[in-house]
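Asker: sequence and predicted structure below; questions after.
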Amino acid sequence: MPEFRTSDTIRSPLGHVWAFVTDVGKNKRWISGLKSVEVLGGGAIGKGRWIRETRTTAGRTHTLELQVTEFEPERQLQLTAPHAGSDFVYTITLAPQGDDSTRVELITEIRPRNLFGRACAPLGMMMMKKHDASLLPALKHAIEAA
């Protein structure tokens, strides 16, 4: 199961960071190439809900649907996107660092579901690392600059 981990501390209270991360309307402020994002069926995100996003990566525009597979308020958000024989899993975990800062960890992983997924996983992880390495710095900047 290939994975990529990164973490950083954001100078903002836990509740504010959680509210920012779980507000899909703010995703364009920290996810590069994101063209549109919506919670299917409307409303707020929560466990079991689906999110549809359209983004441009490496000059190609594609649409992906992600399911909220874990949702522990002010602690953890996990999104899973079934695609090309694998589940692409994004886990964001938050922890307070004193009264005014939050430690954020992002884990991206590929969970192959079949032979095709296993064959594509190394290339997929290489592409995810390239894109996802910028997520936490962008999130930190978006929150701390506000």
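Answerer: Structure's in. What do you need?
Asker: which residues of this structure score low on pLDDT?
Answerer: For the chain, the stretches with pLDDT under 70 are 1-2.
Asker: what ranges does it have for its strands?
Answerer: Assigned by DSSP state E, the strands in the chain fall at 3-10, 34-39, 50-57, 60-72, 76-83, 86-97, 101-112.
Asker: looking at the ones you listed, which is closest to Thr22?
Answerer: Proximity to Thr22, assessed across the strands of the chain by C-beta to C-beta, is greatest for strand 76-83 (6.3 Å). No exception for glycine: its C-beta is placed from N, CA and C like everyone else's.
Asker: that closest one - contacts with which helices or strands?
Answerer: strand 60-72, strand 86-97 (3 or more C-beta pairs under 8 Å, 6 or more residues apart in numbering; DSSP states H and E).
Asker: make TSV out of those strands and add distance to Phe20 and mean neighbour count.
Answerer: Formatted as TSV, these follow (distance: least, C-beta to C-beta, whole Å; neighbours: other C-beta atoms under 10 Å):
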stretch	distance to Phe20	mean neighbour count
strand 60-72	15	14
strand 86-97	11	18
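Asker: okay then, goodbye and thanks.
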